[in-house]
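Engineer: Here is a sequence with its predicted model. Questions after.
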Amino acid sequence: MATQRYSVTPHPIETLLTWVKSGEIAIPEIQRPFVWDATKVRNLLDSLYQGYPVGYLIAWRNPTVRLKDGTCSSGKRILIDGQQRVTALMASLLGREVLTKDYETVRIRIAFHPQEERFEVANPAIRKDVAWIEDVSEVFSPDASVTELTDDYADRNPNADRRHISRVLERLRKIINNHVGVIELADDLDIETVTEIFIRVNSAGTELSQADFAMSKIAVNETYGGNLLRKAIDYFCHLAVAPDFLSTIEKNDKAFTTSEFLPQMRWLKDTNDDIYDPTYTDMLRVAFTSEFGRGRLQDLVALLSGRNFETKQFEEAIAEESFGRLKKGISAFMNRTHFERITMILRSAGFVSSALIGGRNAVNFAYILYLRGRAEGVPPADLERLVRRWYAMSVLRGRYTGSPETSFDFDIRQIEIRGLMNYTESVIENELPDSFWTGMLPQLMDTSSAQSPYFLCYQAAQAKLGDKGFLSRDITVLDLLLNRSDMHHVYPKNYLKSKGLSRGRYNQIANFVLAQSEINIAIGDKPPNVYFSEIAAQCNGGAKKYGGIDNQGDLRDNLRMHCLPESLLLGEVPEYDDFLEQRRNLMALKIKEWYCKL
């Protein structure tokens, strides 16, 4: 028979709030913005007043840790589900302030109408209306008495039924006696089991990632500065997207402003680069893997808890060391030189816009390689070339798309054993043999996804190799990617639709070229044999209908840049499927040419 890995105990709301105030239950999200709007807080209070269930809370007790003096410390509970509900109760019933998404400290006031027994978010009109108690926290104040509250309300509302008001206020006060089920998970459960329980219990099926657990562990640890480190991660991610948020931090978070972290990220106020806007998961992955030589975030959670992987015990010294190493990794991630260098390397490979960046994990591991290479003293030019080639290889081969943590862990451990340069060069050679470019890649390019990694790499190749836009004399693909461009169908979409082709057929990536809008519009729905003969005539003294190219040499060069067969100019327009096959082969060879120059 399976051992039960958790206990379910009903607790009065009053007890839960006392635990939060005393620190018995830690709310990791308390350092982060309160994301509920005020109407959800109102609805929660109404559900409690009506006696409706408000769901379970899930708490996971920190493991018992052996302290330096040999004694054991029983860990506090971490609330991993129900944070917003408990915060809402603290805000509305205890009058506590909360952080908004702009990290401003505000009070959420919920008003109550005793005669109608109705809750509402307080507003100026309600504050002027004596029929409302404008802030229910007054009712739950330790000094408040129902008699005095009733007298005060009756004085302001002479026509109100005093006995009814007294009963209603008494009922309102009793909502803190309502019970909420707390599911307490055993401290020896691994993260996968905790995640599975979370998803099964949570009716919304909310995903709870290992990064969420790690962030919770970091946030509730004040001994080793985890609470400030948590803010540093959050604030960096926010500033990377919205640099003007710096003034809000300086205005509203004095403790963080005077910490060592803000100077490390202040440079973000001057940048608008969006090629790599990391999330907290990205930051944790890069910092942890590069610094600890491990790829699984569950190991980070274990190390922050003080786990000794050899003895299976928990030791305070390991927790202290792990927080120190993580802080070092986060600082390396935020370093301006490092961060700008990784984005520069991506851009130098032709990935000039965030639209060309597919999965984030390939970027994350490229950053890990860069940080490891810097730490090992790899010459800058060699390191840049290595990172460019590894990133391109990992995108083309989908190395980090399936099980990124498994791949991260495998790669970083092999790097530790075999050395950075030796391992990466051998992987690249094995992953991209000559047969890949001529056999596998053309087949992989049989897709209609404009976000496919092969098409992203093809566009990066055109940008890197300095190609001109389709039928453009002066405008480059790089210009088009950074500004406004159209994805032109070589065999026009409506032309193919008229022949009965489906969306998946006419939107093949081998039918796409990057073109100026005016050229795309001028071609319209004309069959390819018509507009290509007009282009040929344009280069023999005819009218300029499409772009500025007016000689055969430039035109042939342009078609080669776009992997289009020159036979199109001779009126030899192949069947659509034959055209796609020819062009896929040519596009694959262009990607190979690009890769060899990285």
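Structural biologist: Sure thing, it's come through.
Engineer: what comes up buried for the helix or strand harbouring Ser322?
Structural biologist: Assigned by DSSP states H and E, Ser322 falls within helix 316-334. Residues 316, 318-319, 322-323, 325-327, 329-334 are the ones in helix 316-334 that count as buried (16 or more other Cβ atoms under 10 Å). Heads up, the C-betas are built off the backbone N, CA and C, glycines and all.
Engineer: Kindly format the C-alpha coordinates of it as PDB.
Structural biologist: Provided in PDB are the C-alpha atoms of helix 316-334 (Å, rounded to 0.1, in the frame of the first residue of the first chain):
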ATOM      1  CA  GLU A 316      23.300  24.600   6.500                       C
ATOM      2  CA  ALA A 317      26.800  25.100   5.100                       C
ATOM      3  CA  ILE A 318      25.700  23.800   1.700                       C
ATOM      4  CA  ALA A 319      22.700  26.100   1.700                       C
ATOM      5  CA  GLU A 320      25.000  29.100   2.500                       C
ATOM      6  CA  GLU A 321      27.500  28.100  -0.200                       C
ATOM      7  CA  SER A 322      24.700  27.500  -2.800                       C
ATOM      8  CA  PHE A 323      23.200  31.000  -2.200                       C
ATOM      9  CA  GLY A 324      26.600  32.500  -2.600                       C
ATOM     10  CA  ARG A 325      27.300  30.700  -5.900                       C
ATOM     11  CA  LEU A 326      23.900  31.500  -7.300                       C
ATOM     12  CA  LYS A 327      24.400  35.200  -6.500                       C
ATOM     13  CA  LYS A 328      27.700  35.000  -8.300                       C
ATOM     14  CA  GLY A 329      26.000  33.400 -11.300                       C
ATOM     15  CA  ILE A 330      23.200  36.000 -11.300                       C
ATOM     16  CA  SER A 331      25.800  38.800 -11.200                       C
ATOM     17  CA  ALA A 332      27.600  37.400 -14.100                       C
ATOM     18  CA  PHE A 333      24.400  37.100 -16.000                       C
ATOM     19  CA  MET A 334      23.500  40.800 -15.300                       C
END
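Engineer: okay, which residue is most central for this structure?
Structural biologist: Geometric centre of the chain, nearest residue: Thr279, 4.1 Å, by Cα atoms, centre = their mean.
Engineer: what pLDDT does that one get?
Structural biologist: Looking at Thr279, its pLDDT is 90.
Engineer: Would you quantify the distance from Gln84 to Val98?
Structural biologist: Separation of Gln84 from Val98 (Cβ to Cβ, to the nearest Å) stands at 10 Å.
Engineer: With Ser498 instead?
Structural biologist: Ser498 is 59 Å from Val98, by Cβ to Cβ.
Engineer: So these two - more neighbours on which side?
Structural biologist: Val98 (20 against 11; other Cβ atoms under 10 Å).
Engineer: Show the contacting residues for the residue nearest to that one when sequence neighbours are not counted.
Structural biologist: Leaving aside its sequence neighbours, Val98 sits nearest to Phe34 (Cβ to Cβ, 6 or more residues apart in numbering; 4.0 Å). Contact analysis of Phe34 by Cβ atoms under 8 Å, 6 or more residues apart in numbering lists 84, 87-88, 91, 98-100, 108.
Engineer: and stretch 414-430, C-alpha only, in PDB?
Structural biologist: Backbone C-alpha positions of stretch 414-430 (Å, rounded to 0.1, in the frame of the first residue of the first chain) are rendered in PDB as follows:
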ATOM      1  CA  GLN A 414      30.300  16.600 -20.800                       C
ATOM      2  CA  ILE A 415      31.900  20.100 -21.000                       C
ATOM      3  CA  GLU A 416      33.100  19.500 -17.400                       C
ATOM      4  CA  ILE A 417      34.600  16.200 -18.300                       C
ATOM      5  CA  ARG A 418      36.000  16.800 -21.800                       C
ATOM      6  CA  GLY A 419      36.600  20.500 -21.800                       C
ATOM      7  CA  LEU A 420      34.700  23.300 -23.500                       C
ATOM      8  CA  MET A 421      36.400  23.500 -26.900                       C
ATOM      9  CA  ASN A 422      37.000  19.700 -27.300                       C
ATOM     10  CA  TYR A 423      33.400  18.800 -26.600                       C
ATOM     11  CA  THR A 424      31.600  21.500 -28.500                       C
ATOM     12  CA  GLU A 425      33.700  21.000 -31.700                       C
ATOM     13  CA  SER A 426      33.100  17.200 -31.600                       C
ATOM     14  CA  VAL A 427      29.300  17.700 -31.200                       C
ATOM     15  CA  ILE A 428      29.100  20.200 -34.000                       C
ATOM     16  CA  GLU A 429      31.000  17.800 -36.300                       C
ATOM     17  CA  ASN A 430      28.700  14.900 -35.500                       C
END
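Engineer: in it, what's buried?
Structural biologist: Buried residues in stretch 414-430, counted by 16+ other Cβ under 10 Å: 414-415, 420, 423-424, 427-428.
Engineer: Which neighbouring elements make contact with the longest helix belonging to the chain?
Structural biologist: The longest helix of the chain (DSSP state H) is helix 576-596. Contact partners of helix 576-596 among helices and strands, from 3 or more Cβ pairs under 8 Å, 6 or more residues apart in numbering; DSSP states H and E: helix 380-396, helix 441-444, helix 453-464.
Engineer: Show me what counts as buried in the helix or strand following the last one.
Structural biologist: Put plainly, it is helix 453-464. Moving toward the C-terminus from helix 453-464, the next helix or strand (DSSP H and E) is helix 477-482. For helix 477-482, burial by neighbour count (16+ other Cβ under 10 Å) applies to 477-481.
Engineer: Let me have the residues you listed in CSV, extended by pLDDT.
Structural biologist: Shown next, in CSV, are these (pLDDT from 0 to 100):
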residue, pLDDT
Val477, 96
Leu478, 96
Asp479, 94
Leu480, 95
Leu481, 94
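Engineer: For the stretch 51-200 of the chain, which segments count as helices?
Structural biologist: For the stretch 51-200 of the chain, applying DSSP state H, counting those that start in this stretch gives helices covering 83-93, 124-128, 146-156, 162-173, 191-201.
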